[in-house]
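J.: sequence first, then the predicted structure:
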Amino acid sequence: MRDLSTTGVRYLRVLDVSSHDLALLKSLLYILRGRLSDNWQLCEDLPADTIVYDSTRLGEDSPDARESQLVLQTSDRTRSGRKLFIQRPIHSRDLRKALNIISYYLSAPETPGLTASNLVGALNGAGHQAPDPDLSTRDSSTLGIISRIRARLHI
Amino acid sequence: MEHRGEIKIIFSGSMGAGKTTAITELSDIDVISTEAPTTDEANEIKETTTTAMDYGELDIGDDLVLRLYGTPGQERFRHMWEMLVPGALGLIILIDNSASDPLGEASMYLENFESMLESRVTVFGITKTDIADDPAITDYENLLAGHAGNHSVIKVDARNRQDVLRLMDVFLQRLEAQLV
């Protein structure tokens, strides 16, 4: 497991989580994809030549489970050349668990700059460097941002 | 990897109120929309979908990006609000004036999301007034007057870029007023 995580995960696919969570996860993954390096992709379909591993039983091919679980796909291939998937059971409502798992993989060394805490920031919709503007006092940086938005929109 | 600074504005409103259209008018990228099956407890129809989240971006120079999120306002999407609203500059809520009870819908936002709205700039954009001109803007103003917060309301045609820019202008004015 540890060895696999250090290779970095470059594809993510979400299957059959609850509709709310799925919508949110998909959005976030699209956003994260933009933020991450080019070697990340949202995997729309599992290629036919893939095998799926349940990480709780690492090493066992469990293709049936792919219908109801969140799948993290690495770009690694097995010795036989097939793509490797790592899979863990995700309760349909257990978004936090899913995100924890994603953050675990995103924290892999090959994705510098994106850590679990950064992911939490992204999940808050703000990103890890996003300011949480304190509007209770005059905030010159926020005023500056407003000015820049105006200039950008020509308003 | 170098990250740009990020700010965000949340657009909300019922299906068809114009969220996606408004975000599209502002976004530099093709708006990403995700759909969730309609799971309204009041009906069993699940074929239709509603947009669970829209996402667009506006570049504000090389070092800053304005993220534009759209999410429905129904109670069942509260979890989306809770994840998206923290850290936002404020909210733009679009109300379809041709809906069956637009004032009630505005009320719903003010009551269901009171804690999130009262501390943030919120502009209500009233859409489809060309189809239905009642209730009037003054009716909304009266409603907002009874609630704490930095709220304002204007008519807007989300299909019209100039209108959307005016909406943003009002939003930024309210934001500035809160800062100075």
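T.: Here it is on my side, so go on. Numbers count the residues shown, from 1 in each chain, chains lettered A, B, ... in the order given.
J.: by mean pLDDT, point me to the weakest helix or strand of chain A.
T.: The helix or strand of chain A with the lowest confidence, counting by mean pLDDT, DSSP states H and E, is helix A:2-5 at a mean of 27.
J.: could you do chain B as well?
T.: Least-confident helix or strand in chain B using mean pLDDT, DSSP H and E: strand B:32-37, a mean of 55.
J.: residue B:11 and residue B:145: what is the separation?
T.: With distances taken as CB to CB, to the nearest Å, residue B:11 is found 23 Å from residue B:145. Any C-beta I mention is one placed from the backbone N, CA and C, and that applies to glycine too.
J.: these two: which is more packed in?
T.: In this view residue B:11 and residue B:145 are compared by other CB atoms under 10 Å in any protein chain shown, and residue B:11 has more residues nearby, 25 against 8.
J.: look at residue B:158 and give its secondary structure.
T.: coil (DSSP: H, G, I helix; E, B strand; the rest coil).
J.: what about the closest residue to it other than its chain neighbours, distance to residue A:151?
T.: Nearest residue to residue B:158 in three dimensions, chain neighbours excluded: residue B:18, at 2.9 Å (CB to CB, 6 or more residues apart in numbering or on different chains). As judged by CB to CB, residue B:18 and residue A:151 stand 25 Å apart.
J.: and the pLDDT for residue 14?
T.: With no chain named, the answer covers chain A. Note on residue A:14: pLDDT of 41.
J.: not quite, go with chain B.
T.: In this model, residue B:14 carries a pLDDT of 79.
J.: can you give me the strands in chain B?
T.: Remark: strands assigned in chain B by DSSP state E are B:5-13, B:32-37, B:49-59, B:64-71, B:90-96, B:121-127, B:150-155.
J.: what about chain A, any weak spots by pLDDT?
T.: Applying pLDDT under 70 to chain A flags residues A:1-140.
J.: 80 instead, please
T.: Per-residue confidence of chain A (counting by pLDDT under 80) places the weak regions at A:1-141.
J.: circling back: if you tally nearby residues, what's the number for the residue nearest to residue B:158?
T.: Residue B:18 has 26 nearby residues by other CB under 10 Å.
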